[in-house]
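# Prediction below, plus the sequence it came from.
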Amino acid sequence: MCMNIPRYYAMGFYDDVKAAAEQIAEAPEITIISHIDADGIACEAILSQAISRYGIPVRSVFVRQLEPLTMPQVPSDSSLKIFSDLGAGQQNLLLERDLTEKEVVIVDHHVSQPCEREYRQVNCLPYGYNRMSAAGVSYLVAKQMDPINTDLAKLAIIGNVGDMMAREKCGLVGPARDVIVEDGVKHRNVEVRKRDLNCYGTATRPVHLSLSYNDDPFIKGITNNPEGARQFLKRLGIRQQSENGRWYVWEEMSIEDKRTIISALAEQLIANGERTDRLLAETYGFPDEIPRTPLRNAQEYATVLNACGRWSKPQVGGAILRGDRGIAYRDAEHMLNNHRAIIRDLLQFIIDTGVKQLENLQYLHVGGRYPDTIVGIGAGMALSKLNSSIPILIMCEVPEDKNLTKVSMRTTERVVERGIDLQKALSDASSEYGGGGGGHKIAAGAYIPKTAEEEFVIRVNRILGEQFAAKSPDHC
Ligand code: C5P
């Protein structure tokens, strides 16, 4: 076990990392119960590799959420159960199942639920590290078990970026940056691009499409306007296609062309009276991956994992993280295409159907048309085409339980700055109706009884109103 105390950890947090690593190292066998999103898949890959390298038998179970419906997937055996990227907010479910303190380790970054049984938990949130995901916490535990595991820093970066930890500050911060990114750079499988374009799809999308799909920052004439973006690049004299007509992607552009484009985008923002502070971001590239594939940077890699998880094949994402570039990768490419097509369809459905406006939110019920695992993603993408000054709430049916409704909410950093906390709004409102929810200030989800839908939306609207009012300048 690694014994040097890194100076940047809050002491209590480091103690928790150490205690979790020790409990894991002593277990005769382990089951990891992890979440199906990019962060959960990265957590599982980090922990299970660290554990099997330590010589302990380990198996994994993925769940959509930890809830009464999915609890039976947690095995009733003598293994140590590690709940990763979930569990903190559902400890009473572990108690109801009568799991003992000795049987459980929680590795999480979500808000913790008070519980009379004190399960071992390693969670960065209570120590003020609110920009680190569960994959980050898993990585610190893995590194504590054995420094050989620093090769897994790359996986932790993917999990963090996939969970939007780099979004607010246009780059990772805190231990996710100082420890994990630095370890990845030292290991040479991570490349930091300090002042890169803050834009999605830089490894796979033609530059004009990358620019036009980007709404953070929203650039008039370019965002949501592929032809406008193409003409913009043409006016700058940028070569956009190779001799044989292949579109260049951002990462292939020369430094000079990148500078020209960034300066012109800044000018465009200033001309429209917009801030330029979100134009650039620190991004994380993976030089060991094949160019022009979605595995070349953390953001696109995370989408591949999300596609696997949301289409019920998180193990395929896990295999890719372990280096499988054969069958698993082809399978994931297929899911990614499907994922994108369905999200495009959902986005169009939201725009065409239109949302109902309340004072503090806009909402829509999409029925049973789309899987409950992707409605949140569609909601987030629809925001830039709708009124992004208030959050969006999308409801849908849950195929496994006709009495339940899934709710997904999304908002923007600017609205969070104005006092909105979707995690709090949804967990408070859903618990009033016997449901459960959680997530983050900017993105949250919940399950509620179908019969409560109408009242629930009104309740959330009221809570959001209170949150806006509490932060408004008039409030004293
Ligand atoms: O499902 P969706 O993409 O909308 O989830 C957004 C965030 O809310 C995720 O971080 C997810 O873990 C969280 N969530 C939750 N409890 C739920 C549903 C979602 O904590 N019942």
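Received the coordinates, thanks. Not measured: the values here are computed from a predicted model.
# where along the stretch 301-450 of the chain do the helices fall?
Secondary structure of the stretch 301-450 of the chain by DSSP state H, counting those that start in this stretch: the helices cover 314-321, 327-353, 375-383, 413-417, 422-432.
# close to the ligand, is the shortest one?
In this case it means helix 413-417. No. Judged by C-beta under 6 Å from any ligand atom, helix 413-417 stays clear of the ligand, getting no closer than 13.9 Å. No exception for glycine: its C-beta is placed from N, CA and C like everyone else's.
# and what of the first one?
No. No part of helix 314-321 sits near the ligand under the criterion C-beta under 6 Å from any ligand atom; the closest distance found is 13.5 Å.
# now do the third one
Yes. Using C-beta under 6 Å from any ligand atom, we find that helix 375-383 touches the ligand at residue 376.
# list the helices and strands that helix packs on?
Counting contacts by 3 or more C-beta pairs under 8 Å, 6 or more residues apart in numbering; DSSP states H and E, helix 375-383 is packed against helix 327-353, strand 392-397, strand 404-410, strand 443-449.
# Would you mind listing what in the stretch 51-200 of the chain touches the ligand?
Listed as neighbours of the ligand in the stretch 51-200 of the chain under the rule C-beta under 6 Å from any ligand atom: residue 65.
# again, only this time at 8 Å
Taking C-beta under 8 Å from any ligand atom as the test, the list of the stretch 51-200 of the chain residues beside the ligand reads 65, 67, 85, 86, 89, 110, 163.
# Identify the spatial nearest neighbour of the closest residue to the ligand within the stretch 251-400 of the chain, chain neighbours not counted.
Of all residues in the stretch 251-400 of the chain, the one sitting closest to the ligand is residue 376 (2.6 Å; C-beta to the nearest ligand atom). Across the structure, with C-beta to C-beta, 6 or more residues apart in numbering as the measure, the residue nearest residue 376 apart from its sequence neighbours is residue 408 (3.4 Å).
# can you pull the contacts of that neighbour?
372, 375, 376, 379, 393, 394, 396, 443, 444, 445 (C-beta atoms under 8 Å, 6 or more residues apart in numbering).
# Using CSV, lay out these together with neighbour count and pLDDT.
Below are the contacts of residue 408 laid out as CSV (neighbours: other C-beta atoms under 10 Å; pLDDT from 0 to 100):
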residue, neighbour count, pLDDT
372, 25, 91
375, 24, 94
376, 23, 93
379, 29, 94
393, 29, 98
394, 26, 98
396, 24, 97
443, 20, 91
444, 25, 93
445, 26, 94
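# State the helix or strand in which residue 193 lies.
For residue 193, the element it lies in under DSSP states H and E is strand 191-197.
# Off-centre distance for the helix or strand following that strand?
Per DSSP H and E, strand 191-197 leads on to helix 207-213 as the next helix or strand towards the C-terminus. Shown here is helix 207-213, whose average C-alpha point lies 22 Å from the average C-alpha point of the whole chain (C-alpha atoms, centre = their mean, to the nearest Å).
# Relative to the least confident helix or strand in the chain by mean pLDDT, what are the paired strands and their orientations?
Ranked by mean pLDDT, DSSP states H and E, the helix or strand of the chain with the weakest confidence is strand 436-439, at a mean of 85. Using DSSP bridges, the strands paired with strand 436-439 in its sheet are strand 443-449 (antiparallel).
# contacts for the partner strand?
With contacts defined as C-beta under 8 Å, 6+ apart, strand 443-449 is touched by 65, 67, 164, 376, 380, 398, 403-411, 422-423, 425-427, 429-430, 433-439, 456.
# what about that strand, distance to the chain center?
Chain-centre distance of strand 443-449: 16 Å, with C-alpha atoms, centre = their mean.
# pull the CA atoms of it into PDB?
This file holds the C-alpha atoms of strand 443-449, laid out as PDB (Å, rounded to 0.1, in the frame of the first residue of the first chain):
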ATOM      1  CA  ALA A 443     -28.300  17.800 -14.300                       C
ATOM      2  CA  ALA A 444     -30.600  15.700 -12.100                       C
ATOM      3  CA  GLY A 445     -33.100  12.900 -12.400                       C
ATOM      4  CA  ALA A 446     -35.900  11.300 -10.400                       C
ATOM      5  CA  TYR A 447     -38.500   8.500 -10.400                       C
ATOM      6  CA  ILE A 448     -41.900   9.500  -9.200                       C
ATOM      7  CA  PRO A 449     -45.300   7.800  -9.100                       C
END
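# what's the distance between the closest residue to the ligand within the stretch 1-150 of the chain and residue 93?
Here the stretch 1-150 of the chain gets closest to the ligand at one residue, residue 65, 4.8 Å apart by C-beta to the nearest ligand atom. Using C-beta to C-beta, to the nearest Å, one gets 10 Å for the distance from residue 65 to residue 93.
# Just the buried ones out of the residues of the stretch 51-200 of the chain next to the ligand, please.
By neighbour count, with 16 or more other C-beta atoms under 10 Å, these hold 65, 67, 85, 86, 89, 110, 163 as buried.
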